[in-house]
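In: quick one, what's the 3D model for this:
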Amino acid sequence: GGLNRYQPQSGDFDRFTTRDGLANDIVCGILEDSRGDLWISTYGGVSRFHPETGRFTNYTSADGLQSDEFNIRARARGPDGLLIFGGTRGVNAFRPEEIGTNAFVPPVVFTGYRRLTQGGVAEERGFVGEGEIRLSYRDSLTLGFAALDYTNPLKNQYAYRLEGSNTDWILLGPRHEITFANLAPGGYTLLVKGSNDEGIWNEQGASVAVIVAPPFYQTAWFRLAMAGLAAGLLLCLYRAWASRQRERTKLKLLEGELSVAERIQCSMLPNVFPPFPDRDDVDVFARMIPARHVGGDFYDFYLISPGRLGFAIGDVSGKGVPAAMQMSMCRVLLKGAAGVGRPVWQVAEVVNNILAEELPSNTFITAFLGILELSTGRLEYVRAGQNPPAVVRTTGEVVILEEPVNFFLGKFPKVPFEPGTVVLDPKDTLVLYTDGLSEAPGHNGAMLGDDEERLRRLLASVAGRPLRASAESILDEVERYSVGVPQSDDRTLMLIRFRP
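Out: Modelled structure (predicted):
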């Protein structure tokens, strides 16, 4: 949907959508006025497009239109420049030159902020020229702002950019407040710009510094102490190693280092279940069985805000310690990108662009990312080359989330990611797994997932059962199927139940 403009010199098209200011992506009719502006009827009102600037001015029923919804191809040009558009509740006819223009550039100001601590203590303050706002890494912050043009304030638009976290402007539409939760420690500058009702923007906007204090274990003195402790531990290990025979000690040391690496990797993944014992709107259980001491599979879940659960499961191409290190980097990037309130498709785009620069050229990551609204059960997700998960209804019905399919992460920069949505009902279970489970080989050479009915029955077995017991039962079945065949790929399984 949207508006496409052809560039004859290059043979390319410019595309304009609601993200660029178009009233609605379903275009019903287009007419050009005497000044070269395009008047576009849509399912969300009428847009006036200025080709020279690429700016849109939108008009709705609040401006006198018969309705916000117009009919396809219901447009005509009358005498003396009269433009006519037909909609679901009548016809609008007007002369563009008689419609006034609001050229006022509105000042943008912050109106106040609210800081919520982990203990639930809220501090709400008006904004009286604060140079900076200081937070703990556990606090969440909500800021209000306004564009001071009162011609039609409900149509004023806003956008923000949080320097230190993202470089792009994020459009908010008419929403004039924003909340940040789980900001990483450090210094940020929040920039906010606004427009009047006709899309005239104040590009200078307003700004405020936000300082997030780190936890004690990220402070310089703590890191110095840990470095000293690590140095002391390494010295002790070296002396113990030197007292034994070189060849035997090398082997034992290698085994010990791999064991430590395995424990470190396991400690980096959430491993306390149930993770939210005080909540009744969601439960999670997950387990990873690496093919070696350490693996490239990963899973993660976290509360982006009190009402939103973010999660991810993925698989790094490759095995062993290098894959584990790349897994750790991807997990940190995903959690950081989701923590500033981005939609899931934008989280995927940001992380993909970073990984495309940082990963070796022969490495990529398949992943499934999701954000679950705990108040409604609405799940927005991005499938980036990962095995399609399944929604298991309480009746045992299995719904495979195969579409839409996107490129995997870290290989092709600046590709768009298309999200999908599904609504979970109470007690529905989302089953996510990596290919180490579905592609587990049997003694006859066939993979477990080759028999689709068998795989569906295995997934459906979680309906109505406790998550831990369900997960262990699935993994035991995979182990029985592959008995006598060495495990060659990591196996990761995550179950998420809505309103258990």
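In: list phi and psi for the spatially most central residue of the chain.
Out: Central residue of the chain (C-alpha atoms, centre = their mean): residue 344, 2.4 Å from the mean position. Per-residue torsions, residue 344: phi -60, psi -30 (degrees, to the nearest 10).
In: surely it touches residue 370?
Out: Yes: with contact defined as C-beta atoms under 8 Å, residue 344 reaches residue 370; the gap is 6.4 Å. C-beta: built from backbone N, CA, C; applies to glycine.
In: how many neighbours does residue 132 have?
Out: 11 (other C-beta atoms under 10 Å).
In: from residue 176, how far out is the closest residue to it other than its chain neighbours?
Out: Leaving out its chain neighbours, the residue that sits closest to residue 132 by C-beta to C-beta, 6 or more residues apart in numbering is residue 209, at 3.8 Å. Computed with C-beta to C-beta, to the nearest Å, the distance linking residue 209 and residue 176 is 20 Å.
In: among those two, which residue is more densely surrounded?
Out: Neighbour totals were compared for residue 209 and residue 176, and residue 176 leads with 19 against 15 (other C-beta under 10 Å).
In: ok, that one - contacts?
Out: 111, 144, 145, 146, 147, 156, 158, 194 (C-beta atoms under 8 Å, 6 or more residues apart in numbering).
In: try 6 Å this time
Out: Contacts of residue 176 were listed using C-beta atoms under 6 Å, 6 or more residues apart in numbering, and they are 145, 146, 158.
In: and the gap between it and residue 102?
Out: For residue 176, the distance to residue 102 - C-beta to C-beta - is 18 Å.
In: do residue 220 as well
Out: Taking C-beta to C-beta, one finds residue 220 at 52 Å from residue 102.
In: of these two, who's got more company?
Out: More crowded of residue 220 and residue 102, by other C-beta under 10 Å: residue 102, with 17 against 8.
In: check whether the more buried one really touches residue 195, as I assumed.
Out: No: in this structure, residue 102 is not within contact of residue 195 by C-beta atoms under 6 Å, at 10.0 Å.
In: by mean pLDDT, point me to the weakest helix or strand of this structure.
Out: helix 246-268 (a mean of 56; mean pLDDT, DSSP states H and E).
In: what are the ranges of the helices in the stretch 201-350 of the chain?
Out: Ranges of helices within the stretch 201-350 of the chain are 220-242, 246-268, 320-338, 344-358, based on DSSP state H, counting those that start in this stretch.
In: and the angle for the last one with helix 320-338?
Out: To tie it back to what came earlier, the one meant is helix 344-358. Counting by axes from the mean of the first three to the mean of the last three C-alpha atoms, to 10 degrees, helix 344-358 lies at 140 degrees to helix 320-338.
In: who's in contact with helix 344-358?
Out: Under C-beta under 6 Å, 6+ apart, the answer for helix 344-358 is 333-334, 337-338, 369, 371, 380, 382, 384, 409-410, 413, 417, 419.
In: out of the residues you listed, who's the most crowded?
Out: In these, the most neighbours by other C-beta under 10 Å go to residue 409, 31 neighbours.
In: so who does it touch?
Out: Taking C-beta under 6 Å, 6+ apart, one finds 352, 355, 365, 367, 384 in contact with residue 409.
In: repeat that with 10 Å
Out: 314, 316, 330, 333-334, 348-349, 351-356, 359, 364-367, 369, 382, 384-386, 415, 417 (C-beta atoms under 10 Å, 6 or more residues apart in numbering).
In: ok so, going back, redo the helices of the stretch 201-350 of the chain as TSV? Include distance to residue 493.
Out: Formatted as TSV, the helices of the stretch 201-350 of the chain follow (distance: least, C-beta to C-beta, whole Å):
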stretch	distance to residue 493
helix 220-242	33
helix 246-268	15
helix 320-338	16
helix 344-358	21
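In: nearest to residue 452, of these?
Out: helix 344-358 (27.5 Å; C-beta to C-beta).
In: okay, the angle between the helix or strand just after the closest one and helix 344-358?
Out: Under the assignment DSSP states H and E, the closest C-terminal helix or strand after helix 344-358 is strand 365-373. Orientation of strand 365-373 against helix 344-358 (the same axes, to 10 degrees) gives an angle of 150 degrees.
In: strand 365-373: how far from the chain's middle?
Out: Centroid separation between strand 365-373 and its chain, computed with C-alpha atoms, centre = their mean, to the nearest Å, is 8 Å.
In: pLDDT on the helix or strand that that strand is followed by, on average?
Out: Counting by DSSP H and E, the element after strand 365-373 in chain order, helix or strand, is strand 378-384. Strand 378-384 shows a mean pLDDT of 97.
In: which one's the longest strand in this protein?
Out: The longest strand of the chain (DSSP state E) is strand 201-213.
In: and that one, which strands flank it?
Out: strand 132-136 (parallel), strand 186-195 (antiparallel) (DSSP bridges).
In: buried deepest among those strands, which one?
Out: strand 186-195 (a mean of 20; mean count of other C-beta atoms under 10 Å).
In: could I get it in PDB with only the CA atoms?
Out: C-alpha atoms of strand 186-195 as PDB (Å, rounded to 0.1, in the frame of the first residue of the first chain):
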ATOM      1  CA  GLY A 186      25.400   5.500  30.600                       C
ATOM      2  CA  GLY A 187      24.600   8.900  29.300                       C
ATOM      3  CA  TYR A 188      21.900   9.700  26.800                       C
ATOM      4  CA  THR A 189      20.400  12.800  25.100                       C
ATOM      5  CA  LEU A 190      16.700  12.700  24.400                       C
ATOM      6  CA  LEU A 191      15.700  14.900  21.400                       C
ATOM      7  CA  VAL A 192      12.000  15.600  20.700                       C
ATOM      8  CA  LYS A 193      10.600  17.400  17.700                       C
ATOM      9  CA  GLY A 194       7.000  18.300  16.900                       C
ATOM     10  CA  SER A 195       4.800  19.700  14.200                       C
END
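In: low pLDDT regions in this protein?
Out: Residues of the chain meeting the criterion pLDDT under 70: 121, 127-130, 245-246, 249-267, 293-295, 318-321.
In: follow-up on the earlier one: and the contacts of residue 409, which are buried?
Out: 314, 316, 330, 333-334, 348-349, 351-356, 359, 364-367, 369, 382, 384-386, 417 (16 or more other C-beta atoms under 10 Å).
In: returning to that earlier point: mind putting the strands paired with strand 201-213 into CSV with distance to residue 238?
Out: Below are the strands paired with strand 201-213 laid out as CSV (distance: least, C-beta to C-beta, whole Å):
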stretch, distance to residue 238
strand 132-136, 40
strand 186-195, 36
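In: those: which one's closest to residue 204?
Out: So among the strands paired with strand 201-213, strand 186-195 is nearest, using C-beta to C-beta, at 7.4 Å.
In: next one: stretch 40-49 to chain centre, how far?
Out: For stretch 40-49, the distance to the chain centre is 30 Å (C-alpha atoms, centre = their mean).
In: same check, this time on stretch 23-33
Out: With C-alpha atoms, centre = their mean, you get 31 Å for stretch 23-33.
In: try stretch 362-376
Out: 7 Å.
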